[in-house]
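Undergrad: give me a 3D structure for the following:
(chains A and B)
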There are 2 protein chains.
Amino acid sequence: MKNHLLRLARRPHGPIEEDTFAMHEEELPPLREGQFLVRTIYLSIDPSLRGQLVDVPSYVPPVQIGETMRGFGAGEVVDSRHPGFAKGDSVTGSLGWQTYCVASGNETRPFRKVTPGTSLVQAVSVLGTTGLTAYFGLLDIGRPKPDETVVVSGAAGATGSVAGQIAKIAGCRVVGIAGSADKCAWLTGELGLDAAINYREERVGRRLRELCPRGVDVFFDNVGGPILDSTIACMNVRGRIVACGTISTGYGEGSRADPIQNYFLFAPRRIRMEGFLVTDFQDRFPAALDALSGWVAGGRLKSRETVLDGLEQAPRALREIFEGKNVGKMLVKVASAASAGSSSGS
Amino acid sequence: MKNHLLRLARRPHGPIEEDTFAMHEEELPPLREGQFLVRTIYLSIDPSLRGQLVDVPSYVPPVQIGETMRGFGAGEVVDSRHPGFAKGDSVTGSLGWQTYCVASGNETRPFRKVTPGTSLVQAVSVLGTTGLTAYFGLLDIGRPKPDETVVVSGAAGATGSVAGQIAKIAGCRVVGIAGSADKCAWLTGELGLDAAINYREERVGRRLRELCPRGVDVFFDNVGGPILDSTIACMNVRGRIVACGTISTGYGEGSRADPIQNYFLFAPRRIRMEGFLVTDFQDRFPAALDALSGWVAGGRLKSRETVLDGLEQAPRALREIFEGKNVGKMLVKVASAASAGSSSGS
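TA: Residues are numbered from 1 along each chain as shown, chains lettered A, B, ... in the order given. Down below sits the predicted model:
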């Protein structure tokens, strides 16, 4: 049986390019004892993947030239010699950008079975890492109190759209910052945010002052750069900044064009800015997923996905995230689930 | 009796200039019931005073044109119609840049009597706000653990020199960053820091990597700008940045020339950066002063002052702090204490 996979061909400088990745085909080896074979159904396209293409030491080593691109996703077990996984199981895990993944169950980030009642899409978005990132970032790092003002940047993105809704559930006034009028309409319409700022059309600093007359208590930041800087200027005394992502400074390298000038306000306003990784909270995932599932079931937490079709679309999907082309979670659909009656296995 | 005072004449752009302040003379009014008269002996010259000259809302309203310049200091009560203060008492408080201050005891930051055994100089430096700022900033915001690596910028300054020594007392490896070879020699010689970097002569980022082979756990930052940015790059996972001051970005306005580019490391390294004001810890001042006094008495905490003579030197002192001309605390001696046998009262 053939596996198709995307390998890093050259390190990008700036946006992902045509020749950043190259498609390869190889024969899948027979499963050894303890292994199981997963067919990739969805790949989760996350901004953090871009950082792994840069040869800068970080919390994970960079992807090497010639290495299969890493990536989290959801799939189906199609063969198994592992006692814990059976053919037909739906799982999430570090599948990589390939049509099939030979898994051992000993991965750093272990494969997990998808909870019954959760769809594969939900398992890699609102009820997966994305939802958990929003949950712990907002509640544990941001610690919003009822009636406080919460601002979310990248508010129409995967994590931001969940964070904004959780802030509403927490009883806050919530202002989202996003990059188009359509996104803003979705935030204030369907998601129930109190206001939204289209940063491509409006002056963020001025609009924040208008829309947050009592200042900003929590800033859930997916963006960095000038939007972060403008929001720092509006932070209240003891304001909290959740450093979740830096999609504006883009490519995991920082940028001289996007400075933070308002650092001088940290001391007088006692601002706290704190980064986190969702994996820090692993012990508490079950309780958080219970809460998230309850909100989804109750209609209080909505989600939306932008889905590109075919493994070969993964590089484009990663590039387009940095261009703001997604609304909600960016996914690549690599194959159809067998349970849906179709199979694209080769 | 005449009072001499310095009023803000025009807002400075950049360094304090000759015409930023103007000296005035006026007759002191007779004391009303409940008031007391303090003769200024020392003025504490702090970088934060510069920020109050800028017409930007902050934790204190800016000094207005024509207003007597604010400033903390130490003095002697020379007359009193207040039951809590008697002639001859040594006090600290918001004296302002003037030779005499009419006080009511109801000031936002109340006048306090100097503890017996503490000199007036100590009362405005190592056993005053400066020492307390270093104490709470390092221990409560930075939370160093034994054997961790602590970096201090502005390490030969008033607060930095105390913070570095407290970090040594806490059992840490301590690297100071300062602006001259003499300052560095003082840090590693007399103050016992493990290493020092002369940022005017050495490349801070490279030297930090050499001197902190296990990374940086706590950064006590008095400086901001490129030194902050270089240190962020060396922070360990769960590193803490104490945002104490921003003397490099200088003038309370931020600066496009001094960006923070390394914000993108906050999330993967779970960095926490937090500002504070020493007044937040007012309830715990007595216990902290006990600790500081004990270290001073035991010879574990040393201090040094740069003293300019005469009220008219206060503007120069404030300018020179931003030029790094002080070692340790910058003070202006306005008059001699009566207890020392001289009086410069008019």
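Undergrad: for chain A, what helix or strand is lowest in average pLDDT?
TA: Here the helix or strand of chain A ranked lowest by mean pLDDT, DSSP states H and E is helix A:48-51, holding a mean of 87.
Undergrad: list the helices and strands it packs on?
TA: Under the contact definition 3 or more CB pairs under 8 Å, 6 or more residues apart in numbering or on different chains; DSSP states H and E, helix A:48-51 sits against helix A:314-321. Every C-beta, even on glycine, is put in place using the N, C-alpha and C of the backbone.
Undergrad: off-centre distance for the helix or strand that the helix it packs on is followed by?
TA: Under the assignment DSSP states H and E, the closest C-terminal helix or strand after helix A:314-321 is strand A:329-333. Averaged C-alpha coordinates place strand A:329-333 at 10 Å from its chain's average position (CA atoms, centre = their mean, to the nearest Å).
Undergrad: surely A:Val60 and A:Val54 touch.
TA: No. Between A:Val60 and A:Val54 there is no contact under CB atoms under 8 Å: 11.3 Å.
Undergrad: wait, A:Val175 sits on A:Glu210?
TA: No. The criterion here is CB under 8 Å, and A:Val175 misses it with A:Glu210 at 10.0 Å.
Undergrad: which of those two has more neighbours?
TA: A:Val175 (29 against 13; other CB atoms under 10 Å in any protein chain shown).
Undergrad: in a strand, the more buried one, correct?
TA: Yes. Looking at A:Val175 with DSSP: H, G, I helix; E, B strand; the rest coil, it is inside a strand.
Undergrad: please report how far it lies from A:Arg7.
TA: 42 Å (CB to CB, to the nearest Å).
Undergrad: how many neighbouring residues does A:Glu201 have?
TA: 11.
Undergrad: got the confidence number for it?
TA: pLDDT, A:Glu201: 95.
Undergrad: please tell me how far it sits from A:Glu190.
TA: Distance of A:Glu201 to A:Glu190, computed by CB to CB: 20 Å.
Undergrad: would you map the strands across the stretch 51-200 of chain A?
TA: Taking DSSP state E, counting those that start in this stretch, the strands of the stretch 51-200 of chain A run over residues A:73-80, A:90-93, A:100-103, A:112-113, A:149-153, A:173-178, A:195-198.
Undergrad: closest to chain B out of these?
TA: Shortest distance between chain B and those, using CB to the nearest CB, is found for strand A:149-153: 12.6 Å.
Undergrad: and that closest one, how far out from the chain middle?
TA: Taking CA atoms, centre = their mean, the mean C-alpha location of strand A:149-153 is offset from the chain mean by 17 Å.
Undergrad: helices and strands around that strand, which ones?
TA: helix A:158-169, strand A:173-178, strand A:216-221, helix A:225-232.
Undergrad: so, low pLDDT: which residues of the stretch 51-200 of chain A?
TA: A:57-59 (pLDDT under 70).
Undergrad: kindly recompute the last result at 90.
TA: Scanning the stretch 51-200 of chain A with the threshold set as pLDDT under 90 gives A:51-52, A:54-61, A:105-110.
Undergrad: out of the strands of the stretch 51-200 of chain A, which is the most enclosed?
TA: Burial of the strands of the stretch 51-200 of chain A is given as mean neighbour count (mean count of other CB atoms under 10 Å in any protein chain shown); strand A:149-153 ranks first at a mean of 30.
Undergrad: that one pairs with which strands, parallel or anti?
TA: strand A:173-178 (parallel), strand A:216-221 (parallel) (DSSP bridges).
Undergrad: now do it against helix A:158-169, angle only.
TA: Interaxial angle, strand A:149-153 versus helix A:158-169 (axes from the mean of the first three to the mean of the last three CA atoms, to 10 degrees): 170 degrees.
Undergrad: please save the CA atoms from strand A:149-153 in PDB.
TA: Only the C-alpha atoms of strand A:149-153 are listed here, as PDB (Å, rounded to 0.1, in the frame of the first residue of the first chain):
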ATOM      1  CA  THR A 149     -13.600  43.900  29.400                       C
ATOM      2  CA  VAL A 150     -11.900  41.300  27.300                       C
ATOM      3  CA  VAL A 151     -10.300  42.000  23.900                       C
ATOM      4  CA  VAL A 152      -9.400  39.100  21.600                       C
ATOM      5  CA  SER A 153      -7.100  39.500  18.500                       C
END
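Undergrad: and the contacts of that strand?
TA: With CB atoms under 8 Å, 6 or more residues apart in numbering or on different chains as the test, strand A:149-153 has contacts from A:138, A:142, A:144, A:160, A:163-164, A:167, A:170, A:172-177, A:208, A:212, A:214-223, A:227-228, A:231, A:234, A:236.
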